[in-house]
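In: Generate a structure from the sequence data that follows.
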Amino acid sequence: MSRYSSFSELFEEFSRLKVLIVGDVMIDAYVWGSVHRISPEAPVPIINVKKRENRLGGAANVALNIQSLGATPLLCAITGDDTYGDTFDQLLEQHRITTAGIVRSSDRPTTVKERIIGGGQQMLRIDAEHSHLISDDDQHRLRQAMEPLLDEADVVIFQDYDKGVLSESLIQWVQQQADQHEIPTAVDPKRRNFLHYCGAALFKPNLKELKEGLQQEPVALHQEEYELEPAIREASDRLRQLLQHQTTLITLSERGVFVDDTNDYTFIPAHIRQISDVSGAGDTVISIAALCLALKLPNPLMASLANLGGGIVCEYTGVVPINTQRLLEEATQYLSL
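Out: Numbering: from 1, shown residues only. Next up is the predicted model:
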């Protein structure tokens, strides 16, 4: 049972939390336009540009979700010493998110993912990025930036997009610092560092990441529940043996989520929705889960809230943070404390 009498009271409690987010940030750039003809130069559509927009992406979208939920994000990451790095800082300032944990590097560009959207459909994505590990000097500067922010944090999120900010040594250092400060850590992993997050409080892969990280055959989403559940439970047990973490939260796309700790497991089905874009859903899930972790909420409640939030953002085109008022309304309607 939860100690909160209403979800409004619970969401108000989010506002006192500070969340340190360390990982790969990027700019999600959008070009919107209309398509009326095919190019005479090549068999490709011509897009007449109507609007351009730059948004915070990657770990920075987690910061936006944390802020939208009422908490304070403390974002720690590397950006390039370039024009897009300037744009990134400006976007943080526009959203009133501190740049204290942002380190500019001359060794790599700011990651930019540009989506070309014509007639309401994504037609092309252009990625400009380096994914090699950051230099020892950049890692040292990032640690220096993080140290004072760790003193303020109630929970730490590792937001790994495999772009090189998170290395085994940095992960271990952050985890050690968090343990010393008695701060829980939540992980949104990718393949390269999948088995480096030993001792985390919460580990949140999706099904594809789980399969790649454990290097085993994928669990088919079309399987019946009685076939899916044993396979997921077995994979979760194997993961715990390897990482010695506390709680596993596995997102299962349209099948919902699975949450497991050393005592119990729960499957939570997804709600029926009109899906527009799944981009950024994982960012929302880990944001909600981390805040619930900081408040020591029961795992089924944490997973249920995160499941609702991840579904809500899928109804919007592009990467967007959670609409907290809508999450509150759906939580009040569908869940119980």
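In: all helices of the chain, in order?
Out: Assigned by DSSP state H, the chain shows helices spanning 7-14, 59-68, 83-94, 136-150, 168-180, 207-214, 225-243, 281-294, 299-313, 324-334.
In: Kindly reformat the ones you listed as a markdown table and extend each row with mean neighbour count, distance to Ala77 and mean pLDDT.
Out: No exception for glycine: its C-beta is placed from N, CA and C like everyone else's. A markdown table is the format used below for those (neighbours: other C-beta atoms under 10 Å; distance: least, C-beta to C-beta, whole Å; pLDDT from 0 to 100):
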| stretch | mean neighbour count | distance to Ala77 | mean pLDDT |
| --- | --- | --- | --- |
| helix 7-14 | 17 | 22 | 96 |
| helix 59-68 | 27 | 6 | 97 |
| helix 83-94 | 16 | 9 | 98 |
| helix 136-150 | 16 | 8 | 97 |
| helix 168-180 | 16 | 11 | 97 |
| helix 207-214 | 18 | 20 | 89 |
| helix 225-243 | 15 | 24 | 84 |
| helix 281-294 | 27 | 14 | 96 |
| helix 299-313 | 24 | 21 | 94 |
| helix 324-334 | 15 | 24 | 95 |
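In: Any idea which of these gets closest to Gly199?
Out: The closest approach between Gly199 and any of those, judged by C-beta to C-beta, belongs to helix 168-180 at 5.9 Å.
In: what angle separates that closest one from helix 136-150?
Out: Angle, helix 168-180 to helix 136-150, by axes from the mean of the first three to the mean of the last three C-alpha atoms, to 10 degrees: 20 degrees.
In: Outside of helix 168-180 itself, which residues are in contact with it?
Out: Counting by C-beta atoms under 8 Å, 6 or more residues apart in numbering, the neighbours of helix 168-180 from elsewhere in the structure are 22, 139, 142-143, 146-147, 150, 153, 156, 158, 184-185, 193, 196-200.
In: can you rerun that using 6 Å?
Out: With C-beta atoms under 6 Å, 6 or more residues apart in numbering as the test, helix 168-180 has contacts from 139, 150, 156, 185, 196, 199.
In: So what's the gap between it and the chain middle?
Out: Taking the mean of its C-alpha atoms, helix 168-180 sits 19 Å from the chain's own mean (C-alpha atoms, centre = their mean, to the nearest Å).
In: again, but for stretch 242-257
Out: Put simply, stretch 242-257 sits 14 Å off its chain's centre (C-alpha atoms, centre = their mean).
In: residues of it that come out buried?
Out: With burial defined by 16 or more other C-beta atoms under 10 Å, the residues of stretch 242-257 counted as buried are 243, 245-253, 255-257.
In: Kindly check the end-to-end length of that stretch for me.
Out: Using C-alpha to C-alpha, to the nearest Å, the end-to-end distance of stretch 242-257 comes to 21 Å.
In: Per-residue pLDDT of the nearest residue to Glu254 once chain neighbours are set aside, please?
Out: Spatially, and ignoring its direct neighbours in sequence, Glu254 is nearest to Ala270 (5.4 Å; C-beta to C-beta, 6 or more residues apart in numbering). pLDDT recorded at Ala270 is 84.
In: for Tyr316, same thing?
Out: Looking at Tyr316 specifically, the model assigns a pLDDT of 77.
In: any chance you could map the strands in the stretch 1-150 of the chain?
Out: Counting by DSSP state E, counting those that start in this stretch, residue ranges of the strands within the stretch 1-150 of the chain are 18-23, 25-38, 45-58, 72-80, 101-105, 112-118, 121-128.
In: what is the mean pLDDT for the fourth one?
Out: This means strand 72-80. Mean per-residue pLDDT for strand 72-80: 98.
In: Quick check: Thr251 touching Val259?
Out: No: with contacts counted by C-beta atoms under 6 Å, Thr251 stays clear of Val259, the gap being 10.2 Å.
In: returning to what we had before: pick out the most distant pair among the contacts of helix 168-180.
Out: Using C-beta to C-beta, the two most remote members of the contacts of helix 168-180 are Gln139 and Gly199, lying 20.1 Å apart.
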